[in-house]
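Chemist: structure for the following, please:
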Amino acid sequence: MLFLRGLLPAVSLARSGLALMLGIGAAALTGWRWPGICAILGLLALGVAYLYLFVRRLKRLEAMAAAGAIDVPDPFQPARLFLGRALLVFWFCLGLLWQGAAAWPSPGRELPAEFSVSGQGRVERLRLLPATSYQGPRVQLTLRLAQRHSTATADGAPELAGLWRRQTGLLLTVEFAQGDQALVEEFGKNALPGAVVAFTGEIRAIREARNPGEWDYGAYLASQGIYCQAAAPWSETLIQRPAGRWQRLFAFLRQGINSQIATHLEARTGAIAAGSLLGDTSTMERQDLQIYRQAGIAHLFAVSGTHGGVLLAAALCLGRLRLFRRRQKTVRLLSLGLLLFYLGLVGFPLSMQRTLIMAALTQTAIMLEREGDSLNALGAAALILLLFRPQSLFGAGFQLSFGVTWGLLYLSPWLRKYLPLWLAVPVAAQLAAMPLQAFWFQQIQPAGFLLNLWAAALISPLLLLSGGGALIGAVSASLSGLFWQAVGFLATLLDSSAAFWVGLPFGVVNVRLRLWPFYVLWGLLVWSLPYWGVWERSVAQWLYQRWLKTGRQAEWRRWQV
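Modeler: Numbering: from 1, shown residues only. I've put the predicted structure just below:
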């Protein structure tokens, strides 16, 4: 055991997560595609090669120690360094092979429109689309396919059927006729996440971005592991197995909270309350949502890590009560349970998954009386999420969530030397978010940290009051109305602040679209900010030495004369 403990490499999870990201990015840049079996065989070959090299290194180290060529306090240091570097290379190769295997179904984009397909899949997400003047209501389902069949008999059908059978995900739009709103609601109640749906429909072409800077819908679907979409009439869609009891419970709770919001609040303030508490922006007007995006506070309506931090802090406050002072571990477990329950209530968004993993690691370290490292917790969250879905690295949600969190953990300690704590935190988040905002939205908010500081002060009581109103509303509707009135006041204040900020000349600045290496260099520049003081001192020392050398040379020449 001591021998194995001496060989354990000192490699941080943050570096491992970065190596995995670099491997995934390298696979995407080179366009490599691997079948899953090739990725598994490649990983096995890589592991055998590392084991062979490591055994050779140990034998060489043993021979050198027997010959007396090694006289160091820690004889395991060379092997530990080798194993640590090999582990980083392993994570890089794992990302390279894993992304290649995940991108293997990408020829699904080559499936022609109106190609008849059928299959069966498990519902991962559900979205209700309202009816328009030329189209009836629709239900959009994100499916993880289990069975795939092709019913086409045209030329090239065997090759196209082979492409269809390689798909693992599908965006299915179930179409209804005008006036079938009751059928839509009934279908939506049964097709909750977790349900198994059988369908027969036709492939629909994915609209690609045609203008520079335009939102690429195909890339967004690819970041979720989906490379094709289809449409099916509701008569050809059958729910073979309903969702589980937990999914039905969460759907019932969401419906109850939405009904309370509709009862006690107006449409505008109710949309803000539903967006901030449940992440539901379906009732929000498009122009209002555009204003919040320009103001840089749209993340408040996407159930980001801010929500998880508020809930975790509120739950940990129970430890100050006399009843729980001697039960701190119980309080921390209850706080994690509350966070997990809220995660199921809002539908398991990626940013909340990251918050839950980081909170679980840090709270477990505290309960074990160990010193936790937030950057390692962030790296562990990246490793876990990317191993399940490596394509999510290329999504705006993943990059903004992890990028802003990295800025808070990495840049805040440096900014505290020059700014107070209450100002250093939003400035660090804004510096980290600006390259990503410029890349994805071609807009930046130079002084957006001021509005985010104000919005963060409003969102905490808004969340707590909304949760209190939802809980009390199950017992007394009149008493919960007081809570919802306070929520409506805070929502109005938040809406007015965003509209005022967007109207300012420096509130939003449009930036020119550039190639992606420009934004990578911008991010590296932000990463190097804490080292500017070291570089400044090094340059100043070098200039001072050059000045002394020049002065000594001039003095020597005068002495010679």
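Chemist: buried sites along stretch 523-532?
Modeler: 523, 526 (16 or more other CB atoms under 10 Å). The way it works is simple: take the backbone N, C-alpha and C, and place the C-beta from them, glycine included.
Chemist: tell me, how many residues neighbour residue 410?
Modeler: As a burial measure, residue 410 scores 19 neighbours (other CB atoms under 10 Å).
Chemist: show me the contacts for residue 395.
Modeler: With contact taken as CB atoms under 8 Å, 6 or more residues apart in numbering, residue 395 is in contact with 220, 223-224, 350.
Chemist: find me the pLDDT at residue 492, would you?
Modeler: On the pLDDT scale, residue 492 is placed at 92.
Chemist: tell me which element the closest residue to it other than its chain neighbours falls in.
Modeler: Among residues not flanking residue 492 along the chain, residue 269 sits closest, at 5.7 Å (CB to CB, 6 or more residues apart in numbering). Per DSSP states H and E: residue 269 is located in helix 267-278.
Chemist: cool, and residue 122?
Modeler: Per DSSP H and E: strand 116-129 holds residue 122.
Chemist: how about that strand: buried residues?
Modeler: For strand 116-129, burial by neighbour count (16+ other CB under 10 Å) applies to 116-124, 126, 129.
Chemist: so which of those residues is the closest to residue 313?
Modeler: residue 124 (30.4 Å; CB to CB).
Chemist: helix/strand/coil for the spatially most central residue of the chain?
Modeler: Taking CA atoms, centre = their mean as the criterion, residue 398 is the residue nearest the geometric centre of the chain, at 2.9 Å. Secondary structure, DSSP: H, G, I helix; E, B strand; the rest coil: residue 398 is helix.
Chemist: out of everything not next to it in sequence, what's closest to it?
Modeler: Among residues not flanking residue 398 along the chain, residue 392 sits closest, at 4.7 Å (CB to CB, 6+ apart).
Chemist: for that neighbour, what are its contacts?
Modeler: Per CB under 8 Å, 6+ apart, neighbours of residue 392: 223-224, 350, 385-386, 398.
Chemist: looking at the residues you listed, which are in helices?
Modeler: Of those, the ones assigned to helices by DSSP state H are 350, 385-386, 398.
Chemist: most neighbours, which of the residues you listed?
Modeler: Tallying neighbours with other CB under 10 Å puts residue 386 at the head of the ones in helices among the contacts of residue 392, with 23 neighbours.
Chemist: wait, it touches residue 95, no?
Modeler: Yes: counting by CB atoms under 8 Å, residue 386 does reach residue 95; the two are 7.3 Å apart.
Chemist: overlap in contacts, those two.
Modeler: 20-21, 24.
Chemist: residue 440: which of those residues is nearest?
Modeler: Closest to residue 440, out of all of the shared contacts of residue 386 and residue 95 and judged by CB to CB, is residue 21, at 17.2 Å.
Chemist: whichever strand or helix holds that closest one - contacts with which helices or strands?
Modeler: Element membership for residue 21, per DSSP H and E: helix 13-30. Contact here means 3 or more CB pairs under 8 Å, 6 or more residues apart in numbering; DSSP states H and E; on that basis helix 13-30 packs against helix 77-102, helix 374-388.
Chemist: and the next helix or strand after it with helix 77-102, angle?
Modeler: The helix or strand immediately downstream of helix 13-30 is helix 36-66, counting by DSSP H and E. If you take axes from the mean of the first three to the mean of the last three CA atoms, to 10 degrees, helix 36-66 sits at 170 degrees to helix 77-102.
Chemist: tell me the buried residues in helix 36-66?
Modeler: Here helix 36-66 shows 39, 42-43, 46, 50, 57-58, 61 as buried, counting by 16+ other CB under 10 Å.
Chemist: off-centre distance for that helix?
Modeler: Mean-position distance between helix 36-66 and its chain equals 34 Å (CA atoms, centre = their mean, to the nearest Å).
Chemist: ditto for stretch 427-444
Modeler: The chain centre lies 15 Å from the centre of stretch 427-444; the measure is CA atoms, centre = their mean.
Chemist: CA-only coordinates of it in CSV, if you can.
Modeler: Taking C-alpha atoms only, stretch 427-444 is exported to CSV below (Å, rounded to 0.1, in the frame of the first residue of the first chain):
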residue,chain,number,x,y,z
VAL,A,427,-15.6,42.3,-12.5
ALA,A,428,-13.9,38.9,-12.6
ALA,A,429,-17.1,37.3,-14.0
GLN,A,430,-17.4,40.1,-16.6
LEU,A,431,-13.8,39.8,-17.8
ALA,A,432,-14.1,36.0,-18.2
ALA,A,433,-17.4,36.3,-20.1
MET,A,434,-16.5,39.1,-22.5
PRO,A,435,-14.6,36.9,-25.1
LEU,A,436,-17.4,34.3,-25.1
GLN,A,437,-20.1,37.0,-25.4
ALA,A,438,-18.2,38.6,-28.3
PHE,A,439,-17.9,35.2,-30.1
TRP,A,440,-21.4,33.9,-29.6
PHE,A,441,-23.5,37.2,-29.6
GLN,A,442,-21.1,39.8,-31.2
GLN,A,443,-21.9,42.1,-28.3
ILE,A,444,-20.2,43.0,-25.1
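Chemist: give me the buried positions along it.
Modeler: Within stretch 427-444, the residues that count as buried by 16+ other CB under 10 Å are 427-441, 443-444.
Chemist: next one: stretch 450-462
Modeler: Buried residues in stretch 450-462 (16+ other CB under 10 Å): 451-456, 458-460, 462.
Chemist: repeat for stretch 175-184
Modeler: Quick answer for stretch 175-184 (16+ other CB under 10 Å): 175-176, 180, 184.
Chemist: hang on, the earlier thing: narrow the buried residues of stretch 427-444 to those in strands?
Modeler: With strands identified by DSSP state E, the entries of the buried residues of stretch 427-444 that belong to them are 443-444.
Chemist: among the buried residues of stretch 427-444, which are in helices?
Modeler: Going by DSSP H, the helices hold 427-441 from the buried residues of stretch 427-444.
Chemist: so which of the residues you listed is the closest to residue 83?
Modeler: Using CB to CB, residue 432 is the member of these that lies nearest residue 83, at 32.2 Å.
Chemist: can you flag the buried ones in the contacts of residue 395?
Modeler: Buried among those by 16+ other CB under 10 Å: 223-224, 350.
Chemist: phi and psi next, for residue 468.
Modeler: Backbone torsions of residue 468, given as degrees, to the nearest 10, read phi -70, psi -40.
Chemist: can you tell me the helix or strand for residue 498?
Modeler: With DSSP H and E as criterion, residue 498 is part of helix 477-503.
Chemist: packing partners of the helix or strand that residue 198 is a member of?
Modeler: Using DSSP H and E, residue 198 falls within strand 196-204. In terms of contacts (3+ CB pairs under 8 Å, 6+ apart), strand 196-204 is packed against strand 116-129, strand 138-150, strand 169-175, strand 229-233, strand 237-241.
Chemist: distance from the longest one to the middle of the chain?
Modeler: Strand 116-129 sits 23 Å away from the centroid of its parent chain (CA atoms, centre = their mean).
Chemist: relative to strand 169-175, how tilted is that strand?
Modeler: 70 degrees.
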